[in-house]
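Student: sharing a sequence plus its predicted fold:
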Amino acid sequence: MDKPVKRQTLIKDQGVPRIVVVGGGFGGLELVKGLRKMNAQVVLFDRYNHHTFQPLLYQVATSGLETGSIIYPFRKSLNSQKNFFFRLGDVKHIDADNNQVETSIGSVKYDHLVIATGATTNYYGMQDIAQHAVPLKEIQDSILLRNKIIKNFENALLTADDEKRNSYMDYVIVGGGPTGVEVAGALAELKKHVFPKDYRELNLMEMDIHLVEAGPRLLGAMSEKSGEKAQQFLEKMGVKVHLDTSVKSYDGYRVTLGNNEELITKTLVWAAGVKGAPIDGIRVESVVGGNRLKVNHFNQVEGYDNIYAVGDIAAMIDDDNPKGHPMMAPPAMQQGRHLAKNLINKYEKNRPMKPFKYFNKGSMATIGRNKAVVEMPNGSKTQGFFAWIIWMFVHLMYLVGFRNRLLVLINWVMSYFSYDKSNRLIIGRTGVEDFQEKDGAVEPGNPQLSKNP
């Protein structure tokens, strides 16, 4: 029997330092771009061939934007960077003793390794929720959620049972941070402006949108005033906000809250937390709370000289940030750019590395048309239309690629004047199979609801 051929990445040694970057999110992408003039071989590994602008995933999920508006190919973005190499694959293991990473497409040596794997959804050990809920971390998640939302209403049209029909039309969003608030607001706008035209046979008054937050207020990372304003906006739009309320279980049909109240829904959106996504091979002592890698102020992973981490995976713990920096795009981008400068200074200019200092440019969240909350770094706060304009401008500027900025702007302008969201499409089969109804089928977790008992 022939021996299996060992796969190789086929990256030639160019006789210059090789910097391997794992993950092309906000931090990884900024790092790679920052190294464009360094005399080095910069190799990016990612399981996808594109960068995803995660802050706008919810707009794809709620039919506000096309999928291609918020993703951009790495090769197109970096095709003018001569020292850049890309390989499509998963990094499975780090062999720090031999300066080597094992990937799904073979192994590769490195001189410097940068882990920018970001974060994954944190279900806090609740396996039933992990099985049935919809997260919103990747482009596939947004397609899944959009498919489910539209398919739900198609199924509601075919359902005579009142409770079952309501389960298709009702939504539960868990997590009162920016993602949860934005999803709830977008669904409320669909309920008011779009679904009454698309589904005239349904009584949209039956559609309930629940936002469940375990803490005492929404937008816990922002000021109390912003959280209160966001809640006012949402409640005026018809969203039912549950504060100081946790979720105990979800079986795909029935949500049980911490106070034992039950909600019926076919779609639970999980936006309640994230955790780091470290790679196997890093010593346990370097992993801290939230599954993040402990780094010093130069982004070096604790215990290693030539392994670094940036973005959500990196926990730079100090007196000002006892839990590390917020797991958001701005810290990741700043860390990526700063580490690129430090690597150039240390290995090309023989200058000492400078410690990283995060510059907080403020925080923001949008609730819907003309409704947003913004907090500036000088402490000033604004809400409503002006905040909404600021939110749109900032997100447009952060998008990768002029084409994407133009597409998003056109979509937003058209939606603003028409009150319409034109991307109400079920793409492929993603999210549809779970919602197929057959005679004699049993509702998930609800055996007493069989059509033909």
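Tutor: Structure's in. What do you need?
Student: what is the neighbour count of the nearest residue to Gly281 once chain neighbours are set aside?
Tutor: Nearest residue to Gly281, sequence neighbours excluded (CB to CB, 6 or more residues apart in numbering): Ile94, at 3.4 Å. C-beta: built from backbone N, CA, C; applies to glycine. Residues lying near Ile94 (other CB atoms under 10 Å) number 25.
Student: quick one, strands of the stretch 351-453 of the chain?
Tutor: 363-368, 371-375, 381-383 (DSSP state E, counting those that start in this stretch).
Student: can you redo the ones you listed as CSV with mean pLDDT, distance to Thr245 and mean neighbour count?
Tutor: Listed next are the strands of the stretch 351-453 of the chain as CSV, based on pLDDT from 0 to 100; distance: least, CB to CB, whole Å; neighbours: other CB atoms under 10 Å:
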stretch, mean pLDDT, distance to Thr245, mean neighbour count
strand 363-368, 92, 20, 25
strand 371-375, 94, 22, 25
strand 381-383, 92, 24, 18
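Student: nearest to Ala186, out of these?
Tutor: Of all these, strand 363-368 sits nearest to Ala186, with 6.9 Å by CB to CB.
Student: could you dump the helix or strand that contains Lys76 to PDB, C-alpha only?
Tutor: Using DSSP states H and E, Lys76 maps to helix 74-77. Listed next in PDB are the C-alpha coordinates belonging to helix 74-77 (Å, rounded to 0.1, in the frame of the first residue of the first chain):
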ATOM      1  CA  PHE A  74      -7.400  39.000   0.800                       C
ATOM      2  CA  ARG A  75      -5.700  38.600  -2.500                       C
ATOM      3  CA  LYS A  76      -7.500  41.600  -4.100                       C
ATOM      4  CA  SER A  77      -6.900  43.700  -1.000                       C
END
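Student: if we can go back for a sec, dump the strands of the stretch 351-453 of the chain to TSV, plus distance to Phe356.
Tutor: As requested, the strands of the stretch 351-453 of the chain are arranged in TSV below (distance: least, CB to CB, whole Å):
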stretch	distance to Phe356
strand 363-368	19
strand 371-375	22
strand 381-383	27
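Student: returning to what we had before: following the helix holding Lys76, which helix or strand shows up next?
Tutor: The first helix or strand that comes after helix 74-77 along the chain, using DSSP H and E, is strand 84-88.
Student: that next one packs against which elements?
Tutor: If you count contacts as 3 or more CB pairs under 8 Å, 6 or more residues apart in numbering; DSSP states H and E, strand 84-88 packs onto strand 41-46.
Student: using the three-state scheme, assign the residue at minimal distance from the centre of the chain.
Tutor: The chain has Lys137 as the residue nearest its centroid, 3.1 Å off, counting by CA atoms, centre = their mean. Of the three states, Lys137 takes coil according to DSSP: H, G, I helix; E, B strand; the rest coil.
Student: all numbers from here: first residue = 22
Tutor: All right, first residue 22 from here; so that's Lys158.
Student: quick check: closest non-adjacent residue to it.
Tutor: The shortest distance from Lys158 to any non-neighbouring residue, by CB to CB, 6+ apart, is to Thr142 (5.5 Å).
Student: so what pairs up with the one you found in the strands?
Tutor: Val295 (DSSP bridges).
Student: right, and it touches Ile150 too?
Tutor: No: judged on CB atoms under 8 Å, Thr142 makes no contact with Ile150 at a distance of 9.8 Å.
Student: flag the shaky bits of the protein, pLDDT-wise.
Tutor: Scanning the chain for pLDDT under 70 picks out the ranges 22-28, 443, 450-474.
Student: one step back: isn't the residue nearest to the centre of the chain right up against Gln75?
Tutor: Yes: applying CB under 8 Å as the test, Lys158 and Gln75 come out as touching, 7.0 Å apart.
Student: now do the shared contacts for those two.
Tutor: Residues touching both Lys158 and Gln75 (CB atoms under 8 Å, 6 or more residues apart in numbering): none.
Student: sorry, back to before: between strand 62-67 and the helix or strand hosting the residue nearest to Gly302, find me the angle.
Tutor: Element membership for Ile115 (DSSP H and E) is strand 112-116. Calculated by axes from the mean of the first three to the mean of the last three CA atoms, to 10 degrees, strand 112-116 forms an angle of 130 degrees with strand 62-67.
Student: following the chain onward from strand 112-116, which element is next?
Tutor: Counting by DSSP H and E, the element after strand 112-116 in chain order, helix or strand, is strand 121-124.
Student: give the buried residues for the following helix or strand past that following strand.
Tutor: Sequence-wise, the next helix or strand downstream of strand 121-124 (DSSP H and E) is strand 127-130. Neighbour-count burial for strand 127-130, counted by 16 or more other CB atoms under 10 Å, picks out 128-129.
Student: now find how far off-centre strand 127-130 is within its chain.
Tutor: A distance of 29 Å separates the centroid of the chain from that of strand 127-130, by CA atoms, centre = their mean, to the nearest Å.
Student: remind me what that strand packs against, helices and strands.
Tutor: Counting contacts by 3+ CB pairs under 8 Å, 6+ apart, strand 127-130 packs against strand 39-43, strand 121-124.
Student: got the contact list for the longest one?
Tutor: The reference is to strand 39-43. Contacts of strand 39-43 (CB under 8 Å, 6+ apart): 32, 49, 52-53, 56, 59, 61-67, 112, 122, 129-138, 300, 364.
Student: hmm, back to that, how about the contacts made by the residue nearest to Lys158?
Tutor: If you count contacts by CB under 8 Å, 6+ apart, Thr142 has them with 151, 156, 158, 291, 294-296.
Student: got a markdown table for the residues you listed, with distance to Met385 too?
Tutor: What follows is the contacts of Thr142, written out as a markdown table (distance: CB to CB, whole Å):
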| residue | distance to Met385 |
| --- | --- |
| Ala151 | 29 |
| Pro156 | 22 |
| Lys158 | 20 |
| Trp291 | 22 |
| Gly294 | 20 |
| Val295 | 19 |
| Lys296 | 24 |
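Student: who wins for most neighbours among these?
Tutor: Using other CB under 10 Å as the neighbour test, those are led by Trp291, with 26 neighbours.
Student: so it bridges to which residues?
Tutor: As for beta bridges, Trp291 partners with Val195 under DSSP bridges.
Student: dump the residue contacts of it.
Tutor: For Trp291, the contacting residues are 142, 144, 150, 154-157, 195-196, by CB under 8 Å, 6+ apart.
Student: please apply the same query to Phe106.
Tutor: By CB under 8 Å, 6+ apart, the contact set of Phe106 is 32, 62-65.
Student: for it, give its distance to Phe47.
Tutor: Distance of Phe106 to Phe47, computed by CB to CB, to the nearest Å: 20 Å.
Student: repeat for Lys54
Tutor: Using CB to CB, we find Lys54 at a distance of 11 Å from Phe47.
Student: and the two? Which one has more around it.
Tutor: Comparing Lys54 with Phe47 by other CB under 10 Å, the one with more neighbours is Phe47, at 29 against 16.
Student: ok, the more buried one to Gly389 distance?
Tutor: For Phe47, the distance to Gly389 equals 25 Å [CB to CB].
Student: again with Val81
Tutor: Taking CB to CB, one finds Val81 at 16 Å from Gly389.
Student: many thanks, have a good one.
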